[in-house]
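S.K.: no sequence on this one, just coordinates:
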């Protein structure tokens with residue numbers, strides 16, 4: 001993880017993408033301003049794990065080229081997961097793991113709160129750089145998930161004139177939905193400090209507030225990978241507020257959530273007791 005984080009921070013994948021063809025170590029060193037022998041060690045590691053690959057270039061020279069894995073490290077790539085990796089590998093998010101055994105042995109605060117002094121949302125509210133990292137990471141995930149929703153089940157949005165995205169972050173998911181279904185008016189609903197820096201998008205209204213107190217009215221409430229952050233009782237409160245926000249009986253609550261299947265052949269089988 002640390003080496004992949006290093007590759008993102010140095011902009012290795014971005015440099016090769018901008019170059020348009022494989023780059024030699026000398027070219028990468030010059031472009032990135034790195035120490036050659038240290039960069040070479042990093043690239044050898046990344047090639048070994050097939051994150052980048054080596055290809056011959058002019059003469060006897062070897063260049064480093066992109067693979068499908070390294071393409072997701074391009075910061076502004078269409079399928080980029082760079083922000084998500086930077087979030088998960090940040091000191092703030094790694095610190096709680098060092099307290100995991102203590103958390104299992106004892107009741108009390110979550111590992112995040114024990115390590116950082118606040119729960120994740122309160123911490124983000126007073127540490128805006130971390131808040132932006134969360135929003136950017138959510139946007140990475142949204143680009144993949146919402147594309148699948150638009151392609152796989154567009155009928156879900158038939159007859160829906162307005163959608164409130166509860167916990168919508170910077171509005172990436174909602175902007176994709178409004179673009180795909182232009183008859184929809186979007187309401188991006190999140191904490192005030194989050195929507196305050198969300199970019200303006202035609203067809204979308206940014207609204208700040210607390211989902212435990214009130215959710216803006218709409219034909220449909222959209223909750224993408226939100227409920228897993230909360231205990232069951234809190235989830236019930238959120239869903240009740242969403243139901244109150246729906247104007248009539250023909251509305252709906254749309255929940256997008258990862259599910260652990262019962263199929264014994266699924267990839268998450270090893271996490272079950």
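M.R.: Received the coordinates, thanks. Note that the structure is predicted; figures quoted are calculated from it, not measured.
S.K.: drop to CA atoms for contacts and neighbour counts, all remaining ones
M.R.: Noted.
S.K.: Now do the helix ranked longest in the chain: everything it contacts.
M.R.: In the chain, ranked by residue count with DSSP state H as the criterion, the top helix is helix 128-152. Contacts with helix 128-152, where a contact means C-alpha atoms under 8 Å, 6 or more residues apart in numbering, come from 78-87, 124-125, 169-173, 176-177, 180, 194.
S.K.: What is the helix or strand following that helix packed up against?
M.R.: Scanning forward in sequence from helix 128-152 by DSSP states H and E, the next helix or strand is strand 162-166. With contacts defined as 3 or more C-alpha pairs under 8 Å, 6 or more residues apart in numbering; DSSP states H and E, strand 162-166 has these neighbours: strand 185-190, strand 220-224.
S.K.: Let me know which of the ones you listed is the nearest to residue 255.
M.R.: strand 220-224 (4.9 Å; C-alpha to C-alpha).
S.K.: Strand partners (parallel or antiparallel) of the closest one?
M.R.: Strands flanking strand 220-224 in the sheet, each with its direction: strand 162-166 (parallel), strand 252-256 (parallel) (DSSP bridges).
S.K.: hmm, back to that, now, the contacts of helix 128-152 that are in helices?
M.R.: With DSSP H as the criterion, helices contain 82-87, 124-125, 172-173, 176-177, 180, 194 from among the contacts of helix 128-152.
S.K.: before we move on, back to that, any idea which of the strands paired with strand 220-224 scores lowest on pLDDT?
M.R.: Lowest mean pLDDT within the strands paired with strand 220-224: strand 252-256, at a mean of 94.
S.K.: from the middle of its chain, how far away would it be?
M.R.: Strand 252-256 sits 19 Å away from the centroid of its parent chain (C-alpha atoms, centre = their mean, to the nearest Å).
S.K.: can you name the farthest residue from the center of this structure?
M.R.: Most distant residue from the mean C-alpha position of the chain: residue 59, 41.8 Å away (C-alpha atoms, centre = their mean).
S.K.: how near is that one to residue 24?
M.R.: To residue 24, residue 59 is 12 Å away according to C-alpha to C-alpha, to the nearest Å.
S.K.: Check residue 251 too.
M.R.: From residue 251 across to residue 24, the span is 57 Å (C-alpha to C-alpha).
S.K.: Then residue 16?
M.R.: Note on residue 16: its distance to residue 24, by C-alpha to C-alpha, is 10 Å.
S.K.: do the same with residue 85
M.R.: From residue 85 to residue 24 the distance is 26 Å (C-alpha to C-alpha).
S.K.: what residue ranges in the stretch 101-250 of the chain score low on pLDDT?
M.R.: Residue ranges of the stretch 101-250 of the chain with pLDDT under 70: none are present.
S.K.: how about a cut-off of 90?
M.R.: Residue ranges of the stretch 101-250 of the chain with pLDDT under 90: 102-103, 106-110, 141, 143-144, 229, 247-250.
S.K.: distance of the residue nearest to residue 118 when sequence neighbours are not counted from residue 127?
M.R.: Leaving aside its sequence neighbours, residue 118 sits nearest to residue 112 (C-alpha to C-alpha, 6 or more residues apart in numbering; 7.4 Å). Residue 112 sits 14 Å away from residue 127, going by C-alpha to C-alpha.
S.K.: and if you look at residue 241?
M.R.: Between residue 241 and residue 127 the computed distance is 28 Å (C-alpha to C-alpha).
S.K.: Looking at these two now, which is surrounded by more residues?
M.R.: Counting neighbours by other C-alpha atoms under 10 Å for residue 241 and for residue 127 shows that residue 241 has the greater number, 19 against 11.
S.K.: okay, the angle between the host helix or strand of the more buried one and strand 220-224?
M.R.: In this assignment (DSSP H and E), residue 241 forms part of helix 232-245. Using axes from the mean of the first three to the mean of the last three C-alpha atoms, to 10 degrees, the direction of helix 232-245 lies 150 degrees away from that of strand 220-224.
S.K.: ok, back up a step: for the buried ones among the ones in helices among the contacts of helix 128-152, write the corresponding ChimeraX selection.
M.R.: Of the ones in helices among the contacts of helix 128-152, the buried ones go into a single ChimeraX selection, burial set by 16 or more other C-alpha atoms under 10 Å:
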select :82,83,84,85,86,87,124,172,173,176,177,194
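S.K.: how long is stretch 27-39 from one end to the other?
M.R.: 11 Å.
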